[in-house]
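3D model of this:
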Amino acid sequence: MAAHKNISYNAFPTTDNRSSMAAALAGKLLNARNESLNDSMSDFEGSANKLELVKSIEGIDFINDSRSTNVNAVWFALESMTKPTTWIMSIEDRDSISDDLVDIIKEKVKHIVIMGVYKPEIYDFFADQDIAVDFSMNMEDAVRTAYYAAASGDAILFAPGTTSFGMYRTYRERGDKFKEAVAQL
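From the prediction side, this is the model:
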């Protein structure tokens, strides 16, 4: 029979280790708190990618709300619009569109540009609401289509209502692409 060595260990850190662990934990908590604060602060109007006025061209305001990654965020973005709005969106699931969202769309939106993979149920749903609808495969075409659909005194709102999926790494990159497309007009 093999001899077993008695291995003694302390399941609890020593006093020195506990101090180090406490300092590390405090640092992590402070860092997490700062990240949370930064996220909260960036939710205010005027911050990058959140109801950000990108540019006005011929009386048309281009608003970047790339942070609208779900339909609730889209509702709030649309609620804040004070001008007739052309909405660039990417919602793919008809079931995610609530009656409240439909109501605010009917009230605020005069034209919808669906960007991304063509989904006939989304296109048909909005067309059945008596709202002008176009489809574009990419950001440049979506911005151009929205621009030609809008008139002086209107706003173009980019509020996709989805995550970036495979098209962009983050909502920030997607928002930057929107800004670049507007700059190309």
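
wait, doesn't residue 125 sit right on residue 95?
No. Using Cβ atoms under 8 Å, residue 125 makes no contact with residue 95, being 10.4 Å away. No exception for glycine: its C-beta is placed from N, CA and C like everyone else's.

So for those two, which residue has more residues nearby?
residue 125 (16 against 6; other Cβ atoms under 10 Å).

That one looks like it's in a strand, true?
No. Counting by DSSP: H, G, I helix; E, B strand; the rest coil, one finds residue 125 to be helix, located in no strand.

Use 82 as the first number for this chain going forward.
New numbering, starting at 82: the last item is residue 206.

That one and residue 135, how far apart?
Residue 206 sits 28 Å away from residue 135, taking Cβ to Cβ, to the nearest Å as the criterion.

Give me the residue at the spatial middle of this structure.
Nearest to the geometric centre of the chain sits residue 148, at 2.4 Å (Cα atoms, centre = their mean).

for residue 163, phi and psi?
phi -110, psi 0 (degrees, to the nearest 10).

could you pull out the strands for this protein?
Ranges of strands in the chain, per DSSP state E, are 133-138, 141-145, 166-170, 190-196, 213-217, 236-239.

How is the protein partitioned into domains?
94-123, 133-264 (automatic domain parsing).

Can I get those domains in a markdown table including mean pLDDT?
Output for the domains of the chain, formatted as a markdown table (pLDDT from 0 to 100):
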| stretch | mean pLDDT |
| --- | --- |
| domain 94-123 | 52 |
| domain 133-264 | 93 |
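
just those: most buried one?
Burial of those is given as mean neighbour count (mean count of other Cβ atoms under 10 Å); domain 133-264 ranks first at a mean of 18.

And that one, how far out from the chain middle?
11 Å (Cα atoms, centre = their mean, to the nearest Å).

That one spans what distance, first to last residue?
14 Å (Cα to Cα, to the nearest Å).

still on that earlier bit, I'd say the residue nearest to the centre of the chain and residue 130 touch.
Yes. Contact criterion Cβ under 8 Å: residue 148 and residue 130 qualify, at 4.7 Å.
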